[in-house]
Every structure is written in structure tokens, then in C-alpha cells.
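> Pasting a predicted model and its sequence here:
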Amino acid sequence: MKGFSRIDMDAVAPLSPANKTAALVSGKGEHFDWKPRDIDVHTDIPIQLRQATKKEYNDPNYVDLKGTSIGRLRVMGIAAFSSQDKKRWVVRCVCGSYEVRRSKYIKHSLKHGADEAGREPMCMWCRKTQLLQNGIGIERGKPLIDINSAD
């Protein structure tokens, strides 16, 4: 069994927090486990698609959104489990995750360049990561750390 002859900063530095905020978050035991809501679909496995029916093609309001890109999302096709009345589209994020979105969401994002809340369209995991990078907790909707408090 070999022992360490010396411990250098290259081995220790990755284990220490990068800055004061990271130290406070890791010191409080904040964890970043994330799970989508039960009604949402978020997976790394491709979601099964279906072709549009003749009824859908003959509908004057039908718009084929397959192949369009909105923000970080690209529309892959119609989800196999969606009905003709409540159509859901499978989208793939640049991170590789698959999700399901409504036609209304995609059309609004195409028109305005953002989702309903005015943000760049992305998957739930990317949104969670972006909020955490900005120091905002999703569950509470407020900053994880009060940067104005004196330590």
C-alpha cells in the first residue's frame, strides 16, 4: 500500500468551495436534488413519437411544428400518448433531455422569442440549474443566501 508522499494544492483545491457564496451554501448543507412534478415529463430517454392523423392534416388550424427551434429546445414531433384534442409535442433540449410541451407554448415562443414568463425556452433541468447559478431557490422563490447580511 502506498502512502501519500506529499499533499499539494492541485489535489486539495477541487475539494474546497470556490468562493464565499459556495462556502455558505455547502456549509448549510444545501443540496440540489431535483425531481420534476408528477404531471411533467422529463427524461434522457427519447419519447415515442407518432405521425399526424388525416384529421389533423385536414384541420385548417393545424401547424406542423416538427423541426422548429425555440430557445434551447428543438421540436422532434408529436408525442405518441397525446390525443388529437390535446396535442403534446416532444422537444429536445441542448443538454440532451426530452420533454413534452403544448402547441400554445411553442407558438407563443416562436412569436415572441420567449416563453409565457418572458424567459428563454429551455428544459426544466436547465431552468433549475440557471436559477441556482443566479442564487435563487425554486421552492422558495427567494435568494438562497442573503448577500446583504453582515458576517
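It's in.
> any weak-confidence spans in the chain?
By pLDDT under 70, the low-scoring segments of the chain are 1-39, 84-85, 137-151.
> the helices in it, which residues?
With helices called from DSSP state H, the chain shows them at 9-12, 20-27, 54-58, 103-112, 124-133.
> Check which helices and strands the fourth one sits against.
The helices and strands touching helix 103-112, judged by 3 or more Cβ pairs under 8 Å, 6 or more residues apart in numbering; DSSP states H and E, are strand 69-70, strand 88-93. Yep, even glycine has a C-beta here, placed from its N, CA and C like the rest.
> One more pass at 7 Å, please.
Applying 3 or more Cβ pairs under 7 Å, 6 or more residues apart in numbering; DSSP states H and E, one finds that helix 103-112 contacts strand 69-70.
> Packing partners of the strand it packs on?
helix 103-112.
> cutoff 10 Å now
Packing partners of strand 69-70 (3 or more Cβ pairs under 10 Å, 6 or more residues apart in numbering; DSSP states H and E): strand 88-93, helix 103-112.
> Start and end of stretch 87-96, how far apart?
Start-to-end span of stretch 87-96 (Cα to Cα, to the nearest Å) is 22 Å.
> Give the buried residues for it.
By neighbour count on 16 or more other Cβ atoms under 10 Å, the buried set for stretch 87-96 is Lys87, Arg88, Trp89, Val90, Val91, Arg92, Cys93.
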